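Peer 1: Here is a sequence with its predicted model. Questions after.
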Amino acid sequence: MIRIVTDSLSDIPANFVEQYQITVIPAEVIFGLKSYRDGIDLSNAEFYERLSSSKELPHTSQPPVGAFEEAYRQLAPTCDGIVSIHLPAKISGTVRSAQTAAISFPNTRIEIIDSGQASMALGWLVIACAQLAQEGGSMQNILALIEDMRPRLHLVAMLDTLEYIRRGGRIGRAQALLGALLSVKPIVELRDGEVLPMENVRTKAKAINRMIEIVTAYGQLERVAVVHANAIAQAEELQQRLSPYVPGGYVPITEAGPALGTHAGPGAIGITFVVK
């Protein structure tokens with residue numbers, strides 16, 4: 001049997017993790033001098049509460065090499081190989097940590113995969129691989145699935161405020177202030193491992209409408225999930241509106257973890273999807 005590993009930046013709902021026996025390695029969130037393991041020492045609710053009240057932006061860090069070594073050590077005796085699927089190397093050192101850890105297991109085949117995506121766009125790839133693994137798929141089958149599916153993964157998101165990107169040093173204070181005055185809601189996408197601007201919309205309602213237009217313009221959709229940063233009401237609205245476009249109408253909602261939430265800020269909302 002092949003075992004599937006990912007990191008907590010995949011934002012996979014707990015029911016999928018349990019059902020498909022996915023191993024999730026937690027990223028680290030650092031407030032001041034104290035470090036927390038994402039989802040273990042710090043829940044999403046606690047993170048967003050602290051994010052809103054903290055004067056300094058927290059830092060995030062990829063899972064340490066030791067966390068991967070421990071996971072691979074536990075899995076190796078139970079399987080024929082491990083597929084470890086993670087954030088793009090362009091935006092995170094997670095792939096590098098996994099590669100370093102894999103060197104310690106020369107007798108176990110461990111494939112380290114740069115998904116090119118984040119949040120549930122990464123999560124959908126992980127889930128599909130874990131489903132295939134449970135059905136008895138070989139390493140070759142799973143790697144072929146990844147090659148087929150990776151170009152069809154997409155993430156489109158709206159930022160509710162530019163303040164957190166400003167605090168993270170991605171844009172200047174003047175640009176953030178102008179965005180606030182104009183009520184600009186930037187729409188961005190993750191493509192080829194990079195966050196790229198798509199367009200600016202003047203209100204949240206218009207931004208949600210525009211995201212739906214962007215997503216449905218791709219044609220037939222295989223899987224869709226809504227991701228939010230402490231914005232459940234908007235997430236539920238998107239869920240209802242996207243449901244008719246998905247086979248079976250199933251659109252899960254998941255909350256963005258600390259790494260994404262730190263830079264996107266509370267109120268951000270996104271759509272992750274797989275084109276058929």
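Peer 2: Noted; the coordinates are in hand. Residues are numbered from 1 along each chain as shown.

Peer 1: Residue 241 - how many residues pack around it?
Peer 2: Using other CB atoms under 10 Å, residue 241 has 16 other residues around it. Heads up, the C-betas are built off the backbone N, CA and C, glycines and all.

Peer 1: Oops, could you answer that again for residue 147 instead?
Peer 2: 10.

Peer 1: in which helix or strand would I find it?
Peer 2: In this assignment (DSSP states H and E), residue 147 forms part of helix 139-149.

Peer 1: Tell me the helix or strand right after the helix or strand of the chain with the lowest mean pLDDT.
Peer 2: One helix or strand of the chain scores below all others by mean pLDDT, DSSP states H and E: helix 173-181, with a mean of 46. Downstream of helix 173-181, the next assigned helix or strand under DSSP H and E is strand 185-191.

Peer 1: and that following strand, what other elements does it pack with?
Peer 2: Contacts defined by 3 or more CB pairs under 8 Å, 6 or more residues apart in numbering; DSSP states H and E place strand 185-191 against strand 153-158, strand 194-201, helix 204-216.

Peer 1: In contact with the residue sitting nearest the centre point of the chain: list those residues for me.
Peer 2: In the chain, the C-alpha nearest the mean C-alpha coordinate belongs to residue 119, at 1.1 Å (CA atoms, centre = their mean). Residue 119 sits next to 9, 10, 11, 155, 227, 254, 256, 260, 270, 272 when contact means CB atoms under 8 Å, 6 or more residues apart in numbering.

Peer 1: pLDDT-wise, what's the bottom of the residues you listed?
Peer 2: Across the contacts of residue 119, the bottom pLDDT score, 79, is held by residue 260.

Peer 1: Helix or strand for it, just tell me which one.
Peer 2: Secondary structure from DSSP H and E places residue 260 in helix 258-264.

Peer 1: mind showing which ranges of the stretch 51-200 of the chain have poor pLDDT?
Peer 2: 162-183 (pLDDT under 70).

Peer 1: show me where the protein has strands.
Peer 2: Secondary structure of the chain, counting by DSSP state E: strands at 2-7, 23-25, 28-31, 34-37, 59-61, 81-86, 110-114, 153-158, 185-191, 194-201, 221-228, 253-255, 269-275.

Peer 1: right, and those strands - which one's nearest residue 17?
Peer 2: If you check each of those against residue 17 by CB to CB, strand 23-25 wins as the nearest, at 5.9 Å.

Peer 1: just checking, what packs against the closest one?
Peer 2: strand 2-7, helix 65-75.

Peer 1: Cool, thanks, signing off.
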